[in-house]
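Asks: The sequence and its predicted three-dimensional model are supplied below.
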Amino acid sequence: MTTTFIKNNLIDQISRLPYDLQLRVFDFVKTLIPKGVEGKSLLRFEGIIPADDLHLMSKAIEEGCD
């Protein structure tokens with residue numbers, strides 16, 4: 001099967017559904033798409049925040065989250 005074949009058949013099948021079920025399928029498909037970025041792509045930011053600032057941030061979180 002090719003991607004085009006799958007897309008065309010999905011469109012055909014979904015178009016046969018009532019509108020409310022099309023929305024449910026759409027919502028479901030959106031949950032399958034990965035969100036965010038891989039952690040390794042964030043490594044370039046390692047060490048960019050000064051240690052003193054990190055300490056202040058940690059303290060604020062601890063005090064604000066009972």
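Replies: Sure thing, it's come through.
Asks: rest of the way, CA atoms for contacts and neighbours
Replies: Will do.
Asks: Which secondary structure element is home to the residue of the chain most remote from its centre?
Replies: Ranked by distance from the centre of the chain (Cα atoms, centre = their mean), the top residue is residue 52, with 31.3 Å. Using DSSP states H and E, residue 52 sits in helix 51-64.
Asks: Need the mean per-residue confidence for that helix.
Replies: For helix 51-64, the mean pLDDT works out to 92.
Asks: likewise stretch 13-25?
Replies: Mean predicted confidence for stretch 13-25 is 97.
Asks: tell me which residues of that stretch are tucked away?
Replies: Within stretch 13-25, the residues scored as buried using 16 or more other Cα atoms under 10 Å are residue 14.
Asks: and that stretch, how far from the chain's centre?
Replies: Centroid separation for stretch 13-25 versus its chain: 23 Å, with Cα atoms, centre = their mean, to the nearest Å.
Asks: repeat for stretch 52-65
Replies: That offset, for stretch 52-65, works out to 27 Å (Cα atoms, centre = their mean).
Asks: Dump the C-alpha coordinates for that stretch into CSV.
Replies: Extracted C-alpha coordinates of stretch 52-65, given in CSV (Å, rounded to 0.1, in the frame of the first residue of the first chain):
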residue,chain,number,x,y,z
ASP,A,52,21.9,31.4,41.1
ASP,A,53,18.8,31.9,38.9
LEU,A,54,18.1,28.1,38.9
HIS,A,55,18.3,28.1,42.7
LEU,A,56,15.8,31.1,42.9
MET,A,57,13.5,29.3,40.4
SER,A,58,13.6,26.1,42.5
LYS,A,59,12.9,28.0,45.7
ALA,A,60,9.9,29.8,44.1
ILE,A,61,8.5,26.5,42.9
GLU,A,62,8.9,24.9,46.3
GLU,A,63,7.2,27.8,48.0
GLY,A,64,4.4,28.1,45.5
CYS,A,65,3.5,24.4,45.3
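Asks: what's in contact with it?
Replies: The contact list for stretch 52-65, computed with Cα atoms under 8 Å, 6 or more residues apart in numbering, is empty.
Asks: repeat for stretch 2-14
Replies: Here stretch 2-14 makes contact (Cα under 8 Å, 6+ apart) with 22, 25.
Asks: now could you export just the CA positions of that stretch as PDB?
Replies: Provided in PDB are the C-alpha atoms of stretch 2-14 (Å, rounded to 0.1, in the frame of the first residue of the first chain):
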ATOM      1  CA  THR A   2       1.200   3.500  -0.800                       C
ATOM      2  CA  THR A   3       0.600   6.600   1.300                       C
ATOM      3  CA  THR A   4      -1.600   8.000  -1.500                       C
ATOM      4  CA  PHE A   5      -3.700   4.900  -1.400                       C
ATOM      5  CA  ILE A   6      -4.200   5.100   2.400                       C
ATOM      6  CA  LYS A   7      -5.000   8.800   2.300                       C
ATOM      7  CA  ASN A   8      -7.500   8.400  -0.500                       C
ATOM      8  CA  ASN A   9      -9.200   5.500   1.200                       C
ATOM      9  CA  LEU A  10      -9.300   7.300   4.600                       C
ATOM     10  CA  ILE A  11     -10.900  10.400   3.000                       C
ATOM     11  CA  ASP A  12     -13.400   8.100   1.300                       C
ATOM     12  CA  GLN A  13     -14.300   6.300   4.500                       C
ATOM     13  CA  ILE A  14     -14.400   9.500   6.600                       C
END
